[in-house]
Every structure is written in structure tokens, then in C-alpha cells.
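Asker: with the input below, show me the fold.
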Amino acid sequence: MDYSFEADSLANDLGYLSGRSRALENIGWIYYRQGQWQKSFEYSEKAYDFAIQANDQLQAARLMNNMGALYYEQQNYSMAIQQFKKGYELATQVNDLATRIRSLNNVALNLVQTNQLDSALAYASRSIKLNENAGSPYLTSFAHRVIGDVYLAKGNYDSAQSIYYRALNMAQAQGVKSFEAGVLHRLGNAYLLDGKFDQAEKILLYSIELCSQNGFLDELSKSHRYIGLLYEKTGEIQKAFFHQSEYLVLNDSLLNKANRDRLVLLQEMFEKNLKESELELLKAQNENQAYRLQTSGRYSIFFAITAFLIGALGIRLHLMNKNVSKINTNLLIQQQKIEEQNLALADQSEQLKEMNETKNKLFSILGHDMRGPVSQVKSVVDLLLAGHLDKEEFNELLHVLNKDIDSVNFTLNNILKWSMSQMDGLQVNYSNFDLRNVVDNSLKLLQGSFNEKNLTIFNQMGSKVEVLADQDLIEVVIRNILNNAVKFSNTGDAVTIFSETDENWVHWCVLDQGIGMDEEQIQLLLSDSYSITKSRPGTNKEKGSGLGIQLAKEFTRKCGGEIKIESQLGHGTKFWVKLPSAKSILQPQAFKGEEEFKA
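Answerer: Numbers count the residues shown, from 1 in each chain. Here you go, the predicted structure:
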């Protein structure tokens, strides 16, 4: 990266456009390898502009392959194929063999993704034939891997194994570990599908070791998945369960990162199109202004030369002035339309941003809090139905399944409540009710979580604590705050619950002895801009999205109350929920809808 930036600086000083294009191409490709796709897009696009200005077709062909790789990451395979084919055409015009071969390989890879297997085989075979003259082992190895993918998809497992093994030998001979990792899990899967379990186990275990040492997370995830399936087929249930769990954790993390990066890249491309639209509109304004200036200058010259004919030409001047007024009117109308279009584009950009943020929230919740537990349950049920689990093994996993189901149920209830509040479908129904009964019911529902951490509960509330609020919403608030107290408490701690009442308000409090928070974390939790995707793991590494505390804040405010937090790192946390009492003089205001209480 350092050398590339220095090369760009030197090429800029020399005014050497091709040199700048090559330097920026390297920077963009480094960002691509790092997974920073939006930066890769920016630098690759700028490099392509310089290549076009310098009429460097070879460089433009290389950059078409880079842009095609970015469309591949978006899973826009048809657009990626167009970019790679264009790169092949440009490379053919300048007779650059290496770029032609690279383009053919990339077209073949994308054709496999769209299940056009015969076409993919034809492009990969053409690449190998061209490479007989170029002699590039890496490009030949890549083409063989694509052909192996085709044979595997067609069910020709022997041919796939042979091709993968040839590609693996080439990768190992070149010492390219990233490509070696990409071939290993494919070869292991081919052995697995062909029933050659010993060879599959040997290859996949080696793949897991290589990927773990080098941080190849995508290949590591796939290797865990395939060896988990292998152990399931051979009846080694504990090993199968371990590798399936490792696969789920890695795959969830990779999926979430890919979704975030893909959305960022789409947003960058949308903003680029927006800027281009604005530039076109400004260009039209400038052309219109230039026309006005040019017309005015001609009028001045005409007046100077024909001053003595002013009387005879009076009518002509009057007609021309009317024409100028008409032009000015048209310009004002065009300017107004341009401003309206700018406002519409800005509104669309803001709407897209909000939609992406909401989609990110839902993806994060579904990916982290629901997908893992549901997949875990399905995996165990599949093993049970297939007869791979006896009663003793099933009983060992039963408490894990129960915990996963409770987690999914709790998260699903929170998602439904949050979705209703976000879609303005939530109605606040005020009534007088006993807060003590609501707390007791929530404690019963969470009893299993208390027992799991051996927590002692001290409920020091009065026998009857009446409040004025929506009982359903407050049940969600209490359950989420109590669940947080359990989540961040250490084994053997105590949780204390009490309430205080004054003339107009009931102050309900939950005090735990857990890990606590600093002032910055408290302010983040209570702020309006708090994101539901930011949540710390619990003391037993319980995962969460932060949706619970967000719901507690929103629902408490809808009922006219507020939440306060007192905490210190390492010394526990005190949650205060302030609600109108049943005897409050503010009671009549509660029935005005969702307005906030004002003392």
C-alpha cells in the first residue's frame, strides 16, 4: 500500500496518467483483498478514468476485471460477466495474453454461480488452451478449480477429485496458501459426496489447520461444515455437533459482514449516481448562463455599431427584448425544476438510508439472535430423526435446546413489539393495575435463568403497587430489564427489586451485583440515537442485539414515564423505571393519546 501511494505521488508530479492508473489499480485491489469494497470501488473507478484519458487499453482491460470482481461480491453475476467480457475484448485488441486468460477464468467462475455449467466449462477450457503459451501456473490452477466446480455440480465426483487434486498441487508448488485453502475444502467435499470418508477427513482436517493458522475465515467455515456432515454420516455425533457449532458461529459472522459491506457498496454506487445527476444539472445551468452572456454581448456590439439606426431598428429591438424575457423565463422555470429534482433526489437518498438502516437492524437481529439457535435445534432434530442419537445423548443436548428455544421465543416477542412500534401500529391502552403482580409473573417466567446462574432474588416491593399505564407494554419493559439483570450478573450474585411511591409517581428499581457500566455506556444506552445492534455479551457469553433496552425506553416513554440508570464498572447496575401512580393528579392527561406527561 505504501509503495502504491508513493508511485501515485510520483506519477502525479510527472503528469503520467498511465502510471497513476496502475498505482490506483494496486490500491483498489489491496482494499478489495481486505474486504473494504467501497474504497476498492472508489480507487478502481478513478484508475479506470485515468486509463481512458491516457488511451491505455491494456490498463482499462485490467480494471474491467477489478470492477467485475466488485459486482461478483454484490452477487450481481450478470453485470460481472459483462465487465469480464469487456476486459477480454480490450485485452484481445492489445494482444495481452495474461489479461485475456484472467478474464476468461472470471467469466467461467461467474457462469458457475448462475448454473450455466456447459458455458463455464467451455470458457475454462479455452483459458487452459491459451495458457499453454503463457505458462502461468496460477492461472492454470484457477481454471482447473473452476472446471472442478463444474464437475462437482454435475455429480461427476471422480473427475472433480482429479481436477481439484491437480489444482491443489499447482497451488502448493507456487506456495499460494490462500488459493490452496480455496481448493482444499472443495476437494474434501468431493470425497465426502463420493463416500470416500477417510480421504475427506484427512483433507478437511488439514484444511481447518491451514485456514486457522492463516485467518482464511470463509474457507475455514466451509471446512467445518463439510467435516461436520462427514461425522454425522459416520455416527460420530459429538464431533459432528462441535464442527456444526463452529460453522454456525463463523458463517453468521461472515454473512453479517458481507451484508453490511454489500449495503455500503450499494450506497456508495447510489451516491455516485446522485452526484453525477447533480453535475449534469449544474452543467445545464452553466450552459444556459453562458448562452445568456453570449446573447447580451452580441446585443452590446450591435447597439454600438448601429446607434445611428436606433430609430429605424426600435421595433426590432423591442422584439429581441421580448425574446430575451422569454429566455429568462424559461431559465427560471428550468432552474425551479432543477431545484425540485435536487430535493426529490435528496428525499430518495434519505429514504434509502432509512430503509437500509431498518433492514440492517432486522438482518442483525435475525442473523445473531434467531438464526443460530434455530439452526442448532434443527441440526439436533435432524440427527434424532435420522436415528443417530440415542436417548442418553438426546437428554444431554435437551437443556441446550430448551435454552435456545427460550432465547428465540424471547427475541421473537421483542421483534414483534418493536416492529409494531416502528410501523405506528402500536396503541397505548391506559389502565390502573398492580405492578407487583406483573413483576411476580415475570420472575416466574425467568425462574429457569435465575436457577442456571444460582441467583438469589430479593423482592422487597409492597403487597400492592398500583400504576397508571399500558399493562402489556410495561410487562415487556419489566421482563427485558430483569433479563438484563440476569444476563450481566455473575454466578451466585443477588438481584434486589423494590419500589418507592410519592404523590404522583411510582419509582420501580432493579439492583444487580454484575459487571456494571461506565458513564459513556450509560449515556449511549439512554440516547435517542442508540443502535439496537450494539450489545455486550453477558457473563456467560449470552448474545443479544440491544433490542430489549430499546423497547424498554420506547414503551416507558409512551406510558408517560422515563428510565434512569446508575452504575459503576465492576460494582453492578441500578435500573430505575418511573411511572405515573394510579392516584396521580396527572391521571386525566394519560388519556390524550401518546402525549408525554408534563409536571
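
Asker: after the helix or strand that Phe302 is a member of, next one along is what?
Answerer: Here Phe302 is covered by helix 237-305, with elements defined by DSSP states H and E. Using DSSP H and E, the helix or strand that directly follows helix 237-305 along the chain is helix 314-365.

Asker: for that next one, packing partners?
Answerer: Here helix 314-365 touches helix 237-305, helix 391-422, going by 3 or more CB pairs under 8 Å, 6 or more residues apart in numbering; DSSP states H and E. Heads up, the C-betas are built off the backbone N, CA and C, glycines and all.

Asker: go again using 10 Å as the cut-off
Answerer: Contact analysis of helix 314-365 by 3 or more CB pairs under 10 Å, 6 or more residues apart in numbering; DSSP states H and E lists helix 237-305, helix 391-422, helix 547-558 as its packing neighbours.

Asker: quick one: the helices in the stretch 451-599 of the chain, in order.
Answerer: Ranges of helices in the stretch 451-599 of the chain, per DSSP state H, counting those that start in this stretch, are 471-487, 519-526, 547-558.

Asker: if we can go back for a sec, mean confidence for the helix holding Phe302?
Answerer: Mean pLDDT, computed over helix 237-305, is 67.

Asker: before we move on, the earlier item: could the helices of the stretch 451-599 of the chain go into CSV alongside mean neighbour count and distance to Ala582?
Answerer: As requested, these are exported to CSV (neighbours: other CB atoms under 10 Å; distance: least, CB to CB, whole Å):
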stretch, mean neighbour count, distance to Ala582
helix 471-487, 22, 12
helix 519-526, 14, 27
helix 547-558, 21, 17
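
Asker: wait, a helix at Gln213?
Answerer: Yes: under DSSP: H, G, I helix; E, B strand; the rest coil, Gln213 sits within a helix.

Asker: lowest-pLDDT helix or strand in the protein?
Answerer: Taking mean pLDDT, DSSP states H and E as the measure, the helix or strand of the chain with the lowest value is helix 391-422, at a mean of 64.

Asker: what lines up beside the next helix-or-strand element following that one in the sheet?
Answerer: Note on helix 391-422: by DSSP H and E, the next helix or strand toward the C-terminus is strand 431-434. With DSSP bridges as the test, strand 431-434 is paired with strand 466-469 (antiparallel).

Asker: what's in contact with the partner strand?
Answerer: Residues from elsewhere that reach strand 466-469, judged by CB atoms under 10 Å, 6 or more residues apart in numbering: 428-436, 438, 474, 477, 499, 501, 504-506, 508, 555-556, 558-561, 577, 579-584, 586-587, 590-591, 597.

Asker: ok now that strand, how far from the chain's centre?
Answerer: With CA atoms, centre = their mean, to the nearest Å as the basis, strand 466-469 stands 41 Å off its chain's centre.

Asker: same deal with stretch 79-93?
Answerer: 29 Å.

Asker: burial of Phe50, as a residue count?
Answerer: By other CB atoms under 10 Å, 24 other residues sit near Phe50.

Asker: wait, doesn't it sit right on Ala11?
Answerer: Yes: counting by CB atoms under 10 Å, Phe50 touches Ala11, with 9.0 Å between them.
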